[in-house]
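Colleague: Sequence below, structure please.
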Amino acid sequence: MFRRLLVALLVLSATVTAAPAPAHAEAGWAGPGPYATAVEIGAVNTLYYPRDIARSTLRHPVIVWGNGTGAAPVVYRELLLRWASHGFIVSAANTPMSNLGISMRAGIDALTARHADPSSVFHGRVALDRIGAAGHSQGGAAAIVVGADPRVDTIVPIQPGPLADIDAVHGPAFLMAGQYDAIVWPALVRAFYHDADHIPAVYGELRGAGHITVAGDPGPFAAPTTAWFRWQLMDDAEARTVFTGQDCGICADRRTWSDVRRNALVSR
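Modeller: Alright, predicted model coming up:
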C-alpha cells in the first residue's frame, strides 16, 4: 500500500505545473549551497548532511523533517539535499505516518548520541543548541507538535494538516501554504498563523503552488525555507532581510507570493 502511495506521489510531482521561480529577493537562496552532500539511510531516520563533516571545524545546525501521509524522505530528497548543501544536518523520519513526531524527536536523540561518540563522523559537529523542525502536510502538523519540544528553536510547517496545536510552540514559525492547494486549504494554514500570536510568526502563500509542488524538484519552496533556517539557526544577517524590515524580501515579491503576513512579534 505504501509503495503504491509513494509511486502515485512521484508521478504527480512529475506532472504538476511548477510555481514561478523566486524573484531577486530570494534568489541568493534558490540554488545549492557550498557543501557537497551525503546521505545515510537508517532504520528510523535518513540523514542528509555535508559530506566532509568529519573534517569540518564547525558545528552544524539540525533540521528534523516529517513526511506527508504515505510518503518517505525520497519524495522530498531534492529539498532536503538543498538544506544539507547550505550546511545543515537534516534528519528525515522514515515513517509514512508522521503526525505525532515520534521519529523526528528520535532523530534529535540519535544525533545527540552521535555528537558524543568519538567513532562517529558527527562527533563534535552537531549544533544541538540550533535545531529546527519542518515537514509537509501531515509532517507539517508533526513539525508543529515537535515545536513544543524545548530542544527545537523554530518550525517551518509546509501546508500542515490540522491535527496540531500551535499554542505549545515556543519558537518562531514560518507557516507556508499553496495558493491552489485543494487538500490543505490556505485558510487552514492561516488559522495556525492567527493562533500563533504568542510567537513571531510569518505566513507565506506561494503563488500557483498545489499540495505536492514541494515534492520532487524543491522549486519555489527551496529559497524561502533555506533563508528562514539560515536566519533562525545560523544568524545570517542577509537571510534575515528576506523576512524583516519595512520592505522585506517576501513582502515585496508579489510574483512569487500571493499572500504574506507577519505578526507584531516579527522584527520590522
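Colleague: so which strand or helix has residue 78?
Modeller: Assessed by DSSP states H and E, residue 78 sits inside helix 77-85.
Colleague: Out of the helices and strands in this structure, which is least certain?
Modeller: helix 2-15 (a mean of 36; mean pLDDT, DSSP states H and E).
Colleague: What is the neighbour count of residue 91?
Modeller: Other residues near residue 91 come to 29 when the count uses other CB atoms under 10 Å. In this view, the C-beta of every residue, glycine as well, is placed from N, C-alpha and C.
Colleague: and the nearest residue to it once chain neighbours are set aside, what does it touch?
Modeller: Counting by CB to CB, 6 or more residues apart in numbering, residue 91 lies nearest to residue 107, which is 3.3 Å off, once chain neighbours are set aside. Going by CB atoms under 8 Å, 6 or more residues apart in numbering, residue 107 touches 44-45, 62, 64, 91-93.
Colleague: Residue 107 in helix, strand or coil?
Modeller: Using DSSP: H, G, I helix; E, B strand; the rest coil, the structure places residue 107 in helix.
Colleague: Next one, pLDDT for it please.
Modeller: If you check residue 107, the pLDDT there is 97.
Colleague: How about the one 5 residues further on?
Modeller: On pLDDT, residue 112 comes in at 98.
Colleague: For it, grab the count of nearby residues.
Modeller: 16.
Colleague: got it, and residue 221?
Modeller: 28.
Colleague: What sits closest to it if chain neighbours are left out?
Modeller: Spatial nearest neighbour of residue 221, chain neighbours left out: residue 214 (4.8 Å); criterion: CB to CB, 6+ apart.
Colleague: Doesn't that neighbour belong to a strand?
Modeller: No: going by three-state DSSP, the assignment for residue 214 is coil, not a strand.
Colleague: Helix, strand, or coil at the most centrally placed residue in the chain?
Modeller: For the chain, residue 134 is the residue whose C-alpha lies nearest the centre (CA atoms, centre = their mean; 3.7 Å). Going by three-state DSSP, the secondary structure assigned to residue 134 is strand.
Colleague: residues in contact with it?
Modeller: 63-66, 140, 143, 155-158, 225, 229.
Colleague: What count of nearby residues applies to the residue lying closest to residue 32 once chain neighbours are set aside?
Modeller: Nearest residue to residue 32, sequence neighbours excluded (CB to CB, 6+ apart): residue 85, at 4.4 Å. Number of residues near residue 85 (other CB under 10 Å) recorded here: 20.
Colleague: residue contacts, residue 85?
Modeller: Contacts of residue 85 by CB under 8 Å, 6+ apart are 32-37, 50.
Colleague: can those residues go into TSV with extra columns for pLDDT, secondary structure and distance to residue 199?
Modeller: Formatted as TSV, the contacts of residue 85 follow (pLDDT from 0 to 100; DSSP: H, G, I helix; E, B strand; the rest coil; distance: CB to CB, whole Å):
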residue	pLDDT	secondary structure	distance to residue 199
32	93	coil	30
33	95	coil	27
34	95	coil	31
35	97	coil	30
36	98	coil	35
37	98	strand	31
50	98	strand	29
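Colleague: for those residues, which one is nearest residue 268?
Modeller: Distance to residue 268 across the contacts of residue 85 (CB to CB) is lowest for residue 33, with 28.3 Å.
Colleague: Now do the contacts for that closest one.
Modeller: By CB under 8 Å, 6+ apart, the neighbours of residue 33 are 82, 85-87, 226.
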